[in-house]
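Visitor: below is the structure, and that's it, no one-letter string:
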């Protein structure tokens, strides 16, 4: 059977990140993608103009109908926006346990706040313990660990701190900071994963693509380390192929190699 992957996240009207990026990553790895939409954004490559939160009861209904009919081999969360949405999602997933990647999306590349202040502690308390792995970037890892952001921040220490907050495993991703490395800590072992970093300006959706790819590899039966290595490769290649000509800001990453396909005819 084709692996079934669920994203619980927010729509990006510009198509670069969020639900749209997740579904593209699932498809590129041979998985059937499904979605439970937590919020809508009026978003482009340059700004998040507004956010419309879905009613929590509707978010639960989306989850119920997908699990009841289709089933889920692995799931991920992305931008959940509010404490009420997080509590709803965590309450449901506590009853329906599946491999779960929690991407703690907090701030957009444009600087827009994507997670309300009072939701951060709820995310840590209610959703982290349900995760197979939590995948913060360096900015998010520093915020969650309660330390000032630095490009030289110690990823090993950050991963251990976040693990101590209840996350069974952590990948501090390597798209930001001085060192290009994803840092995996599974509670026992530290595994640095080298990341190819490209100078491409089209990086919109790189974090979502990473966590969605990690979800897809888990759905396919890979170990956590195998999935983390695969996700690092997929995200890097998506940045390398990023669509710089789309939009006036940072263009979307591309898991399909669309420009190469167009050139090939």
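Guide: Sure thing, it's come through. Note that the structure is predicted; figures quoted are calculated from it, not measured.
Visitor: and residue 240, how many neighbours?
Guide: By other C-beta atoms under 10 Å, the residues close to residue 240 number 16. All C-beta spots, glycine's among them, are computed from the backbone N, C-alpha and C.
Visitor: nope, residue 175 is what I was after
Guide: 19.
Visitor: quick one: contacts for it?
Guide: 137-138, 195, 197, 203, 206-207, 210, 235, 239 (C-beta atoms under 8 Å, 6 or more residues apart in numbering).
Visitor: apply 6 Å and report the result again.
Guide: By C-beta atoms under 6 Å, 6 or more residues apart in numbering, the contact list for residue 175 reads 137, 206.
Visitor: buried residues in stretch 26-42?
Guide: Buried residues in stretch 26-42, defined by neighbour count with 16 or more other C-beta atoms under 10 Å: 26-29, 31-41.
Visitor: closest to residue 229 out of these?
Guide: residue 29 (13.5 Å; C-beta to C-beta).
Visitor: I figured that closest one hits residue 216, correct?
Guide: Yes: using C-beta atoms under 6 Å as the test, residue 29 is close enough to residue 216 to be in contact (4.0 Å).
Visitor: so where's the stretch 151-265 of the chain shaky on pLDDT?
Guide: 200 (pLDDT under 70).
Visitor: could I get the full set of helices for the stretch 101-250 of the chain?
Guide: Assigned by DSSP state H, counting those that start in this stretch, the helices in the stretch 101-250 of the chain fall at 120-122, 138-145, 155-164, 206-219, 224-240.
Visitor: can you list those helices in CSV and add distance to residue 104?
Guide: Below are the helices of the stretch 101-250 of the chain laid out as CSV (distance: least, C-beta to C-beta, whole Å):
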stretch, distance to residue 104
helix 120-122, 8
helix 138-145, 5
helix 155-164, 9
helix 206-219, 10
helix 224-240, 16
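Visitor: how far off centre is stretch 243-255?
Guide: 18 Å (C-alpha atoms, centre = their mean, to the nearest Å).
Visitor: likewise stretch 55-63?
Guide: Remark: stretch 55-63 is offset 20 Å from the chain centroid, using C-alpha atoms, centre = their mean.
Visitor: just the buried residues of that stretch, please?
Guide: Neighbour-count burial for stretch 55-63 [16+ other C-beta under 10 Å]: 56, 59-60, 62-63.
Visitor: for stretch 89-106, same thing?
Guide: Neighbour count says stretch 89-106 has 89-90, 92-93, 98-106 buried, by 16+ other C-beta under 10 Å.
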